[in-house]
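S.K.: with the input below, show me the fold.
(2 chains)
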Amino acid sequence: RKEVEQDPGPFNVPEGATVAFNCTYSNSASQSFFWYRQDCRKEPKLLMSVYSSGNEDGRFTAQLNRASQYISLLIRDSKLSDSATYLCVLYSGAGSYQLTFGKGTKLSVIP
Amino acid sequence: EAGVAQSPRYKIIEKRQSVAFWCNPISGHATLYWYQQILGQGPKLLIQFQNNGVVDDSQLPKDRFSAERLKGVDSTLKIQPAKLEDSAVYLCASSAPYAGLGGNEQFFGPGTRLTVL
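M.R.: Numbers count the residues shown, from 1 in each chain, chains lettered A, B, ... in the order given. Predicted coordinates:
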């Protein structure tokens, strides 16, 4: 089983739609979780951290389920500018502060 | 604030040639990372430096890849000789000194797109 698994998509949704991405991970010792966003031919940028209690940032909501080892990202009221690849990222600590990236899920928001 | 700088942005070489990439992290960031991102994949860590020391190079193909950060600031990544499968974007990232359980945000440079023919 891969360390981080994501549905690669693409997800093609109309403007205004709600879309959700899931990510599963295999390392139960993973300490922290993030969603990074990567625009086409650009570098990844941190979108938001994911907390056990769930957290929201405007139209974006992230959830973590440690028992089932999955993370989710919900985008409400999709905008054209949300079109990008969303990378699920784990931090496993253990001294090296390594981030492990999933392959990413591609989102295209259509007018 | 200036971001992570990388050069060159693009490089095309033939297999068996050598190539070097340069990275200058955000000022004050002690930790520097080199990632390889193959098309359709997420970034994969190659090597991590803390100041001028190597923290983790377990995924660096040491028979052909090398990296250094001699003065604890900028860094170079070299491939010698290159293979076709080395075609990828090479991303450099940096982060501030560790401050908490969750690790620190990594800031990425624009990357160097390498094509090996």
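S.K.: going forward, measure contacts between C-alpha atoms and count neighbours the same way
M.R.: OK.
S.K.: the closest residue to chain B within chain A - how many residues pack around it?
M.R.: Going by C-alpha to the nearest C-alpha, chain B is nearest to A:Lys103 of chain A, at 4.1 Å. Other residues near A:Lys103 come to 24 when the count uses other C-alpha atoms under 10 Å in any protein chain shown.
S.K.: the one 3 residues further on now?
M.R.: Applying other C-alpha under 10 Å, we find 22 other residues in the vicinity of A:Lys106.
S.K.: then the one 4 residues further on?
M.R.: A:Ile110 has 14 neighbouring residues, counting by other C-alpha under 10 Å.
S.K.: contacts only, for it.
M.R.: A:Ile110 makes contacts with A:Asn12, A:Val13, A:Pro14, A:Glu15, A:Leu80, as judged by C-alpha atoms under 8 Å, 6 or more residues apart in numbering or on different chains.
S.K.: can you give me the neighbour number for the last one?
M.R.: Translated: A:Leu80. 15.
S.K.: again with the first one
M.R.: Other residues near A:Asn12 number 13, with proximity taken as other C-alpha under 10 Å.
S.K.: look at it and report its pLDDT.
M.R.: For A:Asn12, the pLDDT comes out at 96.
S.K.: one step back: does the residue of chain A closest to chain B touch B:Gln41 like I think?
M.R.: Yes: A:Lys103 is within contact range of B:Gln41, at 4.5 Å (criterion: C-alpha atoms under 8 Å).
S.K.: around chain B, pick out the residues from chain A.
M.R.: Residues of chain A found near chain B (C-alpha under 8 Å from any C-alpha of the partner chain) are A:31-32, A:42-46, A:87, A:91, A:93, A:96-104.
S.K.: of the residues you listed, grab the buried ones for ChimeraX.
M.R.: Remark: buried members of these, expressed as a ChimeraX selection using 16 or more other C-alpha atoms under 10 Å in any protein chain shown:
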select /A:32,43,44,45,46,87,91,93,97,98,99,100,101,102,103,104
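S.K.: out of the residues of chain A next to chain B, name the ones that lie in strands.
M.R.: Members of the residues of chain A next to chain B lying in strands (criterion: DSSP state E): A:Ser32, A:Pro44, A:Lys45, A:Leu46, A:Leu87, A:Tyr91, A:Leu99, A:Thr100, A:Phe101.
S.K.: now tell me which helix or strand of chain A has the poorest mean pLDDT.
M.R.: strand A:99-101 (a mean of 89; mean pLDDT, DSSP states H and E).
S.K.: same check on chain B?
M.R.: strand B:53-56 (a mean of 90).
S.K.: by contact count, what packs against the following helix or strand past it?
M.R.: Per DSSP states H and E, the first helix or strand lying C-terminal to strand B:53-56 is strand B:65-68. Secondary-structure packing of strand B:65-68 (3 or more C-alpha pairs under 8 Å, 6 or more residues apart in numbering or on different chains; DSSP states H and E): strand B:75-79.
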